[in-house]
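In: Okay, sequence plus prediction incoming.
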Amino acid sequence: MTITVAGEKKEYKDGLTLPELIELENVDMPEYVTVSINEEFVATEDKPKTVLKDGDNVEFLYFMGGGC
């Protein structure tokens, strides 16, 4: 199946789970990453059971704090 990850189309096996994708993509600090699939955020508790589908668009987002 074809999934777009961070704007790049890639081929993966059918039935790929979100945790498997995070591992395959070598995501830094996976415990802190926010994931959106097709522009919808995935709740932390839903990550382990999320199965990706052909045509999904996945983005990994990191929120950073800061200020003066």
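Out: Here it is on my side, so go on. Numbering: from 1, shown residues only.

In: only C-alpha atoms for contact and neighbour calcs from this point on.
Out: Fine.

In: which outside residues touch stretch 36-54?
Out: With contact meaning CA atoms under 8 Å, 6 or more residues apart in numbering, stretch 36-54 is reached by 1-3, 14-19, 34-35, 56-61.

In: Out of those, which end up buried?
Out: Neighbour-count burial (16 or more other CA atoms under 10 Å) is assigned, among the contacts of stretch 36-54, to 2-3, 17-18, 34-35, 56-60.

In: Now intersect those with the helices, please.
Out: Leu18 (DSSP state H).

In: how far away is Val51 from Pro19?
Out: Val51 sits 9 Å away from Pro19, taking CA to CA, to the nearest Å as the criterion.

In: typed the wrong thing, it's Gly55
Out: Taken as CA to CA, the span from Gly55 to Pro19 is 18 Å.

In: Over to Glu59?
Out: 13 Å.

In: In this structure, what residue spans correspond to strands?
Out: 2-5, 8-11, 34-37, 40-41, 57-61 (DSSP state E).

In: The second one pairs with which strands, parallel or anti?
Out: Using DSSP bridges, the strands paired with strand 8-11 in its sheet are strand 2-5 (antiparallel).

In: follow-up on the earlier one: so can I have JSON lines of the strands of the chain showing mean pLDDT?
Out: Converted to JSON lines, the strands of the chain look like this (pLDDT from 0 to 100):
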{"stretch": "strand 2-5", "mean pLDDT": "98"}
{"stretch": "strand 8-11", "mean pLDDT": "98"}
{"stretch": "strand 34-37", "mean pLDDT": "97"}
{"stretch": "strand 40-41", "mean pLDDT": "97"}
{"stretch": "strand 57-61", "mean pLDDT": "96"}
